[in-house]
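K.L.:
Please work out how this folds:
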Amino acid sequence: MRKPPSRGLACLATAVLMFAAAAPATAAEPPAQTTSASAAGEASTDAAAVDPAGLLLFSVSLDGLTLSEGLGAYGASDDPLIPVGELTRLLEADVDVMPAERRIVGRLGEARRALLVDLKAGIARIAARDVPITPDDVAVTPTEIYLRISTLQKLLPVKAEVSSEELMLRLSATEKFPIQSRLDRMAKRPDGSPVPAGNLETLKITQPYALFSPPGMDVVLDGALKSGHLDRAFRYDLRLAGDLLWSNFQGFVGSDEQGRAATARAMLQRRSLEGTLLGPLHVREITAGDTYTPGLAMGPRSIAGRGISLSTAPLEQTNIFNRIDLRGELPPGYDVELYVNDVLKGGTNRAVQGRYEFLDVPLSPGVNVLRVVTYGPRGERNEEVQVVNVGAALLRPGEAQFAFGIVDQNQPLIRLRRLNGLVIGDPGLFADDGLRMVASLNYGISDLLSVTAGAARVPRTDGAATGVYTLGARTSLLGVATQADAGWDGRGGSGLALGLAGQVRGLSAVLRHAEYRDGFVDENNIGFSPRLQMERRTELTADTSLALRGRIMPVSLRVIRNAYADGSHELLTGARASSSLGTVLLSLGWEYQRQVYRPQAAVETLTGYIAASTYRSYKWQIRSTLDYDVLPDFKARFLSVTIDRRLTDAWSLRFGLGQPLDRLDRWNVVLSSILATHYGDLALTGEYDNSDADWRLSAQWSFGLGWDPDRSAYDLTRTGPGSGGSVLFNAFIDENGDGVRQAGEAPAPNVALEGGPRRGAVTGRDGRLLLTGLGAGPTAHMDVNLEKLDNSSVSTPPSRLELRPRPGSVARVNYPMRPTGEVMIKVELLRDDGRRVGLSSVRVQLVRDDTAPLEGVTEFDGSAAFDGVPVGAWRLQLEPLQARRLRMRLLEAPSVTIRGDGAFTPDVVIQVRFDPAPPETTVATGGGG
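P.N.:
Alright, predicted model coming up:
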């Protein structure tokens with residue numbers, strides 16, 4: 001019997017009360033901008049190796065093209081430590097350097113080979129080839145990761161020649177870099193004036209949740225003329241997000257082909273990296289509305305529905321045993337592919353309520369690099385990278401993690417029309433609706449033992465419900481991660497499971513065996529017949545890399561055997577491999593299935609695919625897939641080819657062909673012209689399907705509406721404000737040094753903000769920059785670059801920004817830059833004979849009333865250089881304690897005026913004298929004293 005809609009409203013009302021209880025935590029959050037005191041903690045040892053006294057300024061060239069005249073390196077001049085972030089930015093390579101996570105990830109070359117350097121795990125890998133790395137090869141500061149050039153050239157497609165005498169670093173590309181296709185732009189680069197070194201600390205930008213904020217929106221409008229009775233079509237997708245009730249609201253509305261709203265979802269979410277929600281529970285994440293329940297190791301898996309969920313697990317920590325579920329936004333017309341350790345695991349273009357889902361993704365022991373690659377209808381290629389460390393799932397002693405969820409499963413919070421269908425789920429296994437409640441607890445007993453417990457209420461298709469309970473343990477035995485779980489339900493069913501995971505000689509393997517009795521249902525077992533009662537399941541996942549004639553090929557194998565109570569059984573085997581052939585990334589896959597369902601005869605199938613992709617000259621993006629059958633009959637089934645050609649930065653073309661190979665007369669073709677602007681993307685598309693002479697001509701406009709809090713108005717942008725966070729960056733010349741932009745203070749144009757989705761983004765003439773599409777992860781990092789600033793003689797806050805993006809929210813970053821100058825002070829000793837000589841090791845100070853003294857120490861010739869001195873008038877004095885101790889005084893106390901206009905301040909010469917020591921005095925004492 002279907003439950004009344006009041007249940008969803010009751011869940012939402014409960015959620016509002018929970019968020020209200022969490023709201024006071026806002027007052028305890030740190031101020032909007034703070035400097036991270038712990039940012040340099042983990043990297044302090046590495047930073048010590050980067051000795052400023054050992055700075056080497058290299059001139060860098062790539063195939064004769066000068067990239068930089070001053071790349072700062074450290075260490076031995078014949079094999080220096082090179083800043084990876086700065087170098088890859090010069091090369092315009094698709095590489096992200098994350099010093100806080102001690103990790104480097106990227107995609108290189110036209111074949112888009114994966115790059116991973118994980119210093120915590122001690123791993124350096126390009127494609128499937130491991131590169132040895134030692135602690136001496138690396139140094140980490142809070143803003144940069146340094147690698148020795150001998151190691152770096154094994155990871156990047158370059159050969160390096162280091163001239164220690166000339167301090168030249170000559171790079172030769174073994175594959176074309178993006179910068180080499182943009183020589184004209186590089187020829188217009190500034191000649192490279194000195195840029196002040198960035199502050200090694202991190203500027204943390206936090207945003208307290210608000211009662212309400214104007215939402216950001218992503219909109220897709222699609223109108224078409226087509227063949228058939230309904231010769232016109234119109235559809236839209238709307239994503240919107242913003243703060244509501246001291247939480248983050250995320251919503252979606254999608255229409256059918258007649259423009260009628262057909263599907264919707266809504267969710268309230270609140271996060272805290274520190275775990276300050278709900279007081280002593282230390283909750284880190286709460287969601288209400290269209291959410292997911294947590295899963296248990298046996299029995300219930302994660303299911304969507306309207307309700308509430310919460311978790312105390314760290315947001316940036318993913319520590320699971322073997323399997324993971326991945327979900328994300330999928331706009332109309334987009335394809336998504338999942339790569340695990342460079343092996344293609346799956347792909348889809350099907351969205352349910354605007355989302356894709358990859359379930360039960362097998363992982364390998366150790367570090368796993370998950371890449372979700374999204375291809376848009378306008379030639380876009382976006383890639384999200386997640387690094388998952390799979391081990392024994394051990395917690396620290398005394399650490400506890402709790403997760404809870406209660407939903408009306410498979411039911412959306414807002415049902416607009418019956419066209420919604422089911423939320424992502426398996427209708428053959430799960431009830432259409434019903435109250436599902438799941439709770440799990442993990443606890444660390446010791447360094448080598450953690451225990452788990454779980455309880456759930458699972459609705460049945462007959463309208464009743466079943467209680468499911470689990471207990472488990474996690475440990476590591478002789479280097480093998482071990483997981484043992486037991487489960488039972490309220491109907492007398494039970495199950496036992498044992499999992500082992502380890503690595504041997506380059507082979508990573510996970511083995512899991514489970515026994516079930518009396519109808520116990522383990523929903524985590526994807527790919528079995530729900531009509532039969534399972535008795536046992538064995539699953540083996542193995543990953544390795546094969547060396548074939550000097551070429552490394554990652555290979556993944558998965559074997560599953562299910563046995564049922566009536567003697568039926570099935571065997572599923574899948575093998576996948578990927579490798580780069582020149583500039584082409586080639587992926588192969590085979591899937592074998594043998595089903596023996598009694599009393600029917602055995603059924604065998606063997607299917608395969610070949611997928612190839614390339615990013616030729618960074619202008620041509622070509623993808624092709626061939627599907628074929630081997631058993632029961634050998635035949636090719638389908639061929640698809642997609643070609644994207646970027647003519648300019650704003651204009652691109654697309655050609656797509658789909659050809660069923662068993663019916664050659666049923667081909668379909670797609671032609672598109674796409675114009676990308678600052679105000680969205682406009683696509684004109686023609687489609688023709690020869691199978692039924694069906695044609696369609698459409699125009700699609702995709703755009704975003706981002707709220708500008710300074711102007712209190714919306715900006716028309718490209719898509720991104722409704723699905724990710726935004727940042728409003730305000731750079732200005734802080735004349736009075738108060739950190740607040742006054743009406744008369746000048747803006748700072750051409751300040752670059754790196755690390756966002758838009759390359760080359762700089763502040764405008766008003767010093768402002770609104771960047772959207774920062775994603776919705778727990779944290780995001782960006783870097784401030786002053787290379788294009790007209791006058792770089794400024795002192796700035798830390799150049800590394802740490803944000804906590806929320807969909808639809810705008811983080812305001814005020815970036816005051818105080819004008820500075822430099823002056824050279826020379827201290828001379830005026831001798832009795834009238835001669836003047838330079839005096840070393842003298843502490844001199846620049847002082848004024850409104851700031852702390854600036855101090856310098858003279859060198860061997862009596863000179864002391866003061867850099868980064870704020871503008872204004874300063875008095876020159878000797879450091880009082882040293883002057884008093886040495887009886888040293890200035891003959892005159894001159895003043896120094898710093899103008900901050902880029903001009904040199906004249907050198908200042910001061911003279912000192914030493915006063916004679918006072919005459920010694922003798923104190924007479926008596927009485928034997």
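K.L.:
how about Gly279, phi and psi?
P.N.:
Here is the backbone geometry of Gly279 (degrees, to the nearest 10): phi 60, psi -120.
K.L.:
That one and Ser272, how far apart?
P.N.:
Separation of Gly279 from Ser272 (Cβ to Cβ, to the nearest Å): 12 Å. (Each C-beta comes from the backbone N, C-alpha and C, glycine too.)
K.L.:
Repeat that for Ser476.
P.N.:
Distance, Ser476 to Ser272, by Cβ to Cβ: 31 Å.
K.L.:
the more surrounded of these two?
P.N.:
A direct count of neighbours by other Cβ atoms under 10 Å for Ser476 and Ser272 places Ser272 higher, at 20 against 16.
K.L.:
The more buried one against Arg284, yeah?
P.N.:
Yes. Contact between Ser272 and Arg284 holds when scored by Cβ atoms under 8 Å: they sit 5.5 Å apart.
K.L.:
Tell me how many other residues crowd Leu803.
P.N.:
Using other Cβ under 10 Å, Leu803 is surrounded by 24 other residues.
K.L.:
again with the one 5 residues further on
P.N.:
Gly808 has 31 neighbouring residues, counting by other Cβ under 10 Å.
K.L.:
tell me the contacts of it?
P.N.:
The contact partners of Gly808, by Cβ atoms under 8 Å, 6 or more residues apart in numbering, come to 213, 215-217, 240-243, 248-250, 721-722, 725-726.
K.L.:
which one of the residues you listed is nearest Glu101?
P.N.:
The closest of those to Glu101 turns out to be Gly725 (Cβ to Cβ; 18.4 Å).
K.L.:
Now do the helix or strand hosting Gln483: which elements does it pack against?
P.N.:
Using DSSP states H and E, the element containing Gln483 is strand 480-489. Counting contacts by 3 or more Cβ pairs under 8 Å, 6 or more residues apart in numbering; DSSP states H and E, strand 480-489 packs against strand 465-477, strand 494-504.
K.L.:
partner strands of that strand, parallel or antiparallel?
P.N.:
Counting by DSSP bridges, the strands paired with strand 480-489 are strand 465-477 (antiparallel), strand 494-504 (antiparallel).
K.L.:
okay, those in CSV with mean pLDDT and distance to Gly567 next?
P.N.:
Shown next, in CSV, are those (pLDDT from 0 to 100; distance: least, Cβ to Cβ, whole Å):
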stretch, mean pLDDT, distance to Gly567
strand 465-477, 93, 26
strand 494-504, 91, 19
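K.L.:
Tabulate those strands (a markdown table), appending distance to Asp715.
P.N.:
Output for the strands paired with strand 480-489, formatted as a markdown table (distance: least, Cβ to Cβ, whole Å):
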| stretch | distance to Asp715 |
| --- | --- |
| strand 465-477 | 49 |
| strand 494-504 | 49 |
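K.L.:
Tell me the pLDDT of Ala601.
P.N.:
If you check Ala601, the pLDDT there is 90.
K.L.:
Can you read off the backbone torsions of it?
P.N.:
Dihedral angles (degrees, to the nearest 10) for Ala601: phi -70, psi 160.
K.L.:
quick revisit: right, and the strands paired with strand 480-489 - which one's nearest Leu87?
P.N.:
With Cβ to Cβ, the closest approach to Leu87 among the strands paired with strand 480-489 belongs to strand 494-504: 31.8 Å.
K.L.:
What's the first helix or strand after the closest one?
P.N.:
Using DSSP H and E, the next helix or strand after strand 494-504 towards the C-terminus is strand 507-517.
K.L.:
List the buried residues in that following strand.
P.N.:
Within strand 507-517, the residues that count as buried by 16 or more other Cβ atoms under 10 Å are 508-512, 514-516.
K.L.:
residue boundaries of the helices in the stretch 1-150 of the chain?
P.N.:
Counting by DSSP state H, counting those that start in this stretch, the stretch 1-150 of the chain has helices at residues 6-22, 25-28, 44-49, 84-91, 149-155.
K.L.:
which stretch in those helices has the least confidence?
P.N.:
Averaged per stretch, pLDDT over the helices of the stretch 1-150 of the chain is lowest on helix 25-28, reaching a mean of 38.
K.L.:
unless I'm mixing things up, Ser446 is touching Glu399, no?
P.N.:
No. With contact defined as Cβ under 8 Å, Ser446 does not count as touching Glu399 (11.1 Å).
K.L.:
that older thread, by how many degrees do the strand holding Gln483 and strand 507-517 diverge?
P.N.:
Orientation check (axes from the mean of the first three to the mean of the last three Cα atoms, to 10 degrees): strand 480-489 against strand 507-517 gives 20 degrees.
K.L.:
pLDDT (mean, whole number) over strand 480-489?
P.N.:
Averaged across strand 480-489, pLDDT comes to 93.
K.L.:
Also stretch 121-131?
P.N.:
On average, stretch 121-131 scores 84.
K.L.:
Flag every buried residue along that stretch.
P.N.:
In stretch 121-131, counting by 16+ other Cβ under 10 Å, buried: 123-128, 131.
K.L.:
Now the terminal residues of that stretch, how far apart.
P.N.:
Stretch 121-131 has an end-to-end distance of 13 Å (criterion: Cα to Cα, to the nearest Å).
K.L.:
Domain map for this protein?
P.N.:
Domain assignment for the chain by automatic domain parsing gives 1-23+270-314+392-489, 44-194, 729-818, 819-914.
K.L.:
right, and the ones you listed - which one's nearest Asp689?
P.N.:
Among those, domain 1-23+270-314+392-489 comes nearest to Asp689, with 23.1 Å by Cβ to Cβ.
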